[in-house]
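**Student:** Prediction below, plus the sequence it came from.
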Amino acid sequence: MILLEAALILALSSANPEAAPAKPGASAGCATTNIEVALRHLFDRYKGGGTLDVARDSGEPITPQFLAESLKVRDVPNGYALVESPDLIETYEAALFKNPNGYHLVVVSSGASVSRTAVFKCDAEGLKADNTALQLSDADAIQLYTDAGLLKPNAKKGLSEQTLKDWAGSIITLALPRKGRVITIKANVDEPAGVYGKKLGTVDYVDGRFVVRSLAKKAR
């Protein structure tokens with residue numbers, strides 16, 4: 001009788017692929033259209049959010065319950081979330097960019113002087129960090145300032161290239177969309193007055209990849 005029950009359990013497991021255990025590190029079943037579920041997959045695979053190195057002041061882990069309590073803005077239909085908690089030093093924006101093969105999950109951190117971005121990809125192979133999906137070098141960022149007409153030859157009368165090169169921290173910030181598939185690139189320097197928050201360009205999500213466009217309409 002015991003052998004018969006064991007054989008029946010094995011047969012049911014084989015007939016139901018979802019019941020089979022996932023391979024270690026494969027992140028099987030990460031495909032989702034729900035931003036909160038995507039974030040749970042992320043912190044299940046990368047305990048500190050990968051290169052973001054998310055950590056709670058209390059030292060406690062990032063659990064599904066903590067995520068649920070920290071999501072101050074949930075916009076599931078548009079794949080957007082804002083993560084904020086007294087137990088986190090920084091706030092985090094997250095957006096889900098869907099494509100026929102899965103999605104890209106973009107997370108942006110905003111602290112007092114830093115702006116960091118991490119991108120993760122879900123496809124048939126599972127969830128993994130995609131460090132090359134959305135890259136902007138310092139030279140690229142400076143060119144965005146130039147295309148936006150914010151750099152002045154005379155440093156005494158405006159923002160200079162040298163000021164950007166000497167700036168401590170990131171000189172750009174990314175504003176994730178509540179709706180749509182376009183990320184806005186903004187200036188992240190506050191000298192001289194009036195520059196901070198100026199639009200420098202966009203990042204469009206086209207055919208499953210990110211395309212940077214300056215205000216001069218040049219794709220990079």
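**Tutor:** Structure received.
**Student:** Going by C-alpha atoms from here, please, whenever you check contacts or count neighbours.
**Tutor:** OK.
**Student:** Quickly find the element holding residue 92.
**Tutor:** Assigned by DSSP states H and E, residue 92 belongs to strand 91-99.
**Student:** Only C-alpha atoms, please: export that strand in CSV.
**Tutor:** Taking C-alpha atoms only, strand 91-99 is exported to CSV below (Å, rounded to 0.1, in the frame of the first residue of the first chain):
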residue,chain,number,x,y,z
THR,A,91,14.0,55.2,-1.3
TYR,A,92,13.8,53.0,-4.4
GLU,A,93,11.8,53.3,-7.6
ALA,A,94,11.1,50.1,-9.6
ALA,A,95,9.5,49.7,-13.0
LEU,A,96,8.7,46.6,-15.1
PHE,A,97,9.4,46.8,-18.9
LYS,A,98,7.7,43.9,-20.6
ASN,A,99,8.7,42.3,-23.9
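**Student:** Paired strands for that strand, with orientation please.
**Tutor:** Within its sheet, and counting by DSSP bridges, strand 91-99 is paired with strand 80-83 (antiparallel), strand 102-110 (antiparallel).
**Student:** for those strands, which one sits closest to residue 133?
**Tutor:** When these are compared by CA to CA, strand 102-110 sits nearest residue 133, at 8.8 Å.
**Student:** Distance check, residue 64 against residue 47.
**Tutor:** 11 Å (CA to CA, to the nearest Å).
**Student:** likewise residue 117?
**Tutor:** 16 Å.
**Student:** Between the two, which has more neighbouring residues?
**Tutor:** residue 117 (20 against 16; other CA atoms under 10 Å).
**Student:** element containing that one?
**Tutor:** Assignment of secondary structure by DSSP H and E places residue 117 within strand 115-123.
**Student:** what stretches of the protein score poorly on pLDDT?
**Tutor:** By pLDDT under 70, the weakly predicted segments of the chain are 1-28, 112-114, 154-157, 217-220.
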